[in-house]
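Student: Here is a sequence together with a model predicted from it:
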Amino acid sequence: MHVNARHYRTIWFDPLQQCVMIIDQTRLPHHFETRALRTLVDACHAIESMQIRGAPLIGVTAAYGVALALREGAVDLEAICTRLLATRPTAVNLRWALERVKNVLQALPVPQRPAAALLLAGQLADEDVAACSAIGDHGLTLLQAAWAEKCRRQPDATRLNVLTHCNAGWLATVDWGTALAPLYKAHAHGIPLHVWVDETRPRNQGAFLTAWELQQEGIAHTVIVDNAGGHLMQHGEVDLCLVGSDRTTATGDVCNKIGTYLKALAAHDNAVPFYVALPVSTIDFSLQDGVREIPIEQRHAHEVSHMQGLDADGVLSRVQVMASHSAVNNYGFDVTPARLVTALITEHGIVGADPGSLQGLRERLPR
Ligand code: MRU
């Protein structure tokens, strides 16, 4: 997508510097900065510190991490993958990418592995772009239908209101995004969109990243506090919800950024469609019950007790926003049961959030 009208992916290999480049998302929206990853330690740090984040991008970064480790001279594939797998527990794309890379590399002689790993990481990145673009195409049909239906019911309608949570845009993938891809395609097709952007405490991926992305693409949007969605739905101000996923079970339960479940409950209560966009690499076919089985990341208390922003001098700073010494809990994700999900938008089409529909996608998972 675009940053100041120039096309970027979120991750790429720089052949001149012989390193992997990323956009440092901890500096957005105030500073657009890229970082070079040269080692396994760099790659692990980028994932753990959330310089890069979002399920699909975590997977691709891990694949590049393997390539960097092998180029440094490491040979123990198992140890490299174990280190990368420990970076973040919830997004299953991480495990999927590492298993895929390991399966291919194990079959090759050791001297060939560094070059093959780099090629494979690039291939995973390209596949992610194609998958997200296809999610955008399938989601576009939903948005076109929603807009046509709104105009039929309400001939003076001026906009289609979509609510999204966290950042499931191009910054969370290699390009296009998952939940935001249909919005980018709908905007290009002339549908007058307006996006309600949940700020997404504590890390504010909505206010910091989604709003910035939408701004870059010229899509009308409004940032709201996380608790506002239910109120807007009660007043007919949300036509549909569209979010991403970090792990979806074989039964259609969806794990996404903390607070997603509450939006789904409010949507259900107000008969607002609740859609989840995801590539099949986000489906964990080994799981049946998302609430019981999906590991939920707990992050540092500082993310709740402190906030980052520009101070009066325009310097990016961190301030404490609560009393010292209170206990803090910082769950990163929650699970929305399948019964609250209207449909899943995948690169292979729109499917129901149920075991029968998902079973058909099992064979489409790239291995
Ligand atoms: O903690 P984050 O920022 O990595 O969480 C990201 C999300 O929850 C996204 O909604 C999810 O990864 C889907 S992204 C295409």
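Tutor: Received it, and whenever you're ready, just let me know what you need.

Student: For the residue nearest to residue 136 when sequence neighbours are not counted, grab phi and psi.
Tutor: The shortest distance from residue 136 to any non-neighbouring residue, by C-beta to C-beta, 6 or more residues apart in numbering, is to residue 181 (3.2 Å). C-beta coordinates here come from the backbone N, C-alpha and C atoms, glycine included. Here is the backbone geometry of residue 181 (degrees, to the nearest 10): phi -60, psi -50.

Student: I'd like to know how far the residue of the stretch 251-367 of the chain at minimum distance from the ligand sits from residue 195.
Tutor: Residue nearest to the ligand within the stretch 251-367 of the chain: residue 257 (3.4 Å; C-beta to the nearest ligand atom). Residue 257 is 16 Å from residue 195, where distance means C-beta to C-beta, to the nearest Å.

Student: Grab the nearest non-local neighbour of the residue in the stretch 201-350 of the chain that the ligand sits nearest to.
Tutor: Residue nearest to the ligand within the stretch 201-350 of the chain (C-beta to the nearest ligand atom): residue 244, separated by 2.7 Å. Nearest residue to residue 244 in three dimensions, chain neighbours excluded: residue 168, at 2.7 Å (C-beta to C-beta, 6+ apart).

Student: before we move on, the earlier item: what sits against the residue nearest to residue 136?
Tutor: Residues in contact with residue 181 (C-beta atoms under 8 Å, 6 or more residues apart in numbering) are 132, 133, 135, 136, 139, 170, 277.

Student: And the pLDDT for it?
Tutor: Residue 181 carries a pLDDT value of 98.

Student: Please apply the same query to the one 10 residues further on.
Tutor: The predicted local confidence for residue 191 comes out at a pLDDT of 98.

Student: Checking it next. Helix, strand or coil?
Tutor: coil (DSSP: H, G, I helix; E, B strand; the rest coil).

Student: Pretty sure it sits against residue 161.
Tutor: No: here residue 191 lies out of contact with residue 161, judged by C-beta atoms under 8 Å, at a distance of 11.6 Å.

Student: Is the closest residue to the residue of the stretch 251-367 of the chain closest to the ligand other than its chain neighbours in a helix, a strand, or coil?
Tutor: Once flanking residues are discounted, residue 257 sits nearest to residue 166: 3.5 Å by C-beta to C-beta, 6+ apart. Under three-state DSSP, the three-state class of residue 166 is coil.

Student: Can you verify my assumption that residue 166 contacts residue 263?
Tutor: No: taking C-beta under 8 Å as the definition, residue 166 is not a contact partner of residue 263, at 10.3 Å.

Student: who's more crowded, those two?
Tutor: The neighbour count for residue 166 versus residue 263, taken as other C-beta atoms under 10 Å, is higher for residue 166 (30 against 25).

Student: State the phi and psi torsions of the more buried one.
Tutor: phi 60, psi -150.

Student: same thing with residue 209?
Tutor: Dihedral angles for residue 209 - degrees, to the nearest 10 - are phi -110, psi -50.

Student: Renumber starting at 17 from here on
Tutor: Right, with 17 as the first residue, what we last looked at is residue 225.

Student: For the closest residue to it other than its chain neighbours, the count of nearby residues, please.
Tutor: Closest residue in space to residue 225, ignoring its immediate chain neighbours: residue 183 at 4.0 Å, by C-beta to C-beta, 6+ apart. The local packing of residue 183 (other C-beta under 10 Å) involves 31 other residues.

Student: How about residue 54?
Tutor: Neighbour tally, residue 54, other C-beta under 10 Å: 14.

Student: which residue packs closest to it, ignoring adjacent ones?
Tutor: Once flanking residues are discounted, residue 54 sits nearest to residue 35: 4.8 Å by C-beta to C-beta, 6+ apart.

Student: for the residue nearest to residue 273, what are its contacts?
Tutor: 214, 216, 221, 222, 226, 259, 260, 272, 273, 275, 276.

Student: Can you name the residues that contact the fifth one?
Tutor: Residue 226 makes contacts with 180, 182, 183, 184, 185, 196, 211, 213, 216, 237, as judged by C-beta under 8 Å, 6+ apart.

Student: are any of these buried, and which?
Tutor: Neighbour-count burial (16 or more other C-beta atoms under 10 Å) is assigned, among the contacts of residue 226, to 180, 182, 183, 184, 185, 196, 211, 213, 216, 237.

Student: Save these as TSV, and put in distance to residue 75 too.
Tutor: Below are the buried ones among the contacts of residue 226 laid out as TSV (distance: C-beta to C-beta, whole Å):
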residue	distance to residue 75
180	21
182	17
183	16
184	14
185	16
196	18
211	26
213	25
216	21
237	27
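
Student: Just put those in TSV and tack on distance to the ligand.
Tutor: Formatted as TSV, these follow (distance: C-beta to the nearest ligand atom, whole Å):
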residue	distance to the ligand
180	9
182	4
183	6
184	4
185	8
196	8
211	14
213	12
216	8
237	16
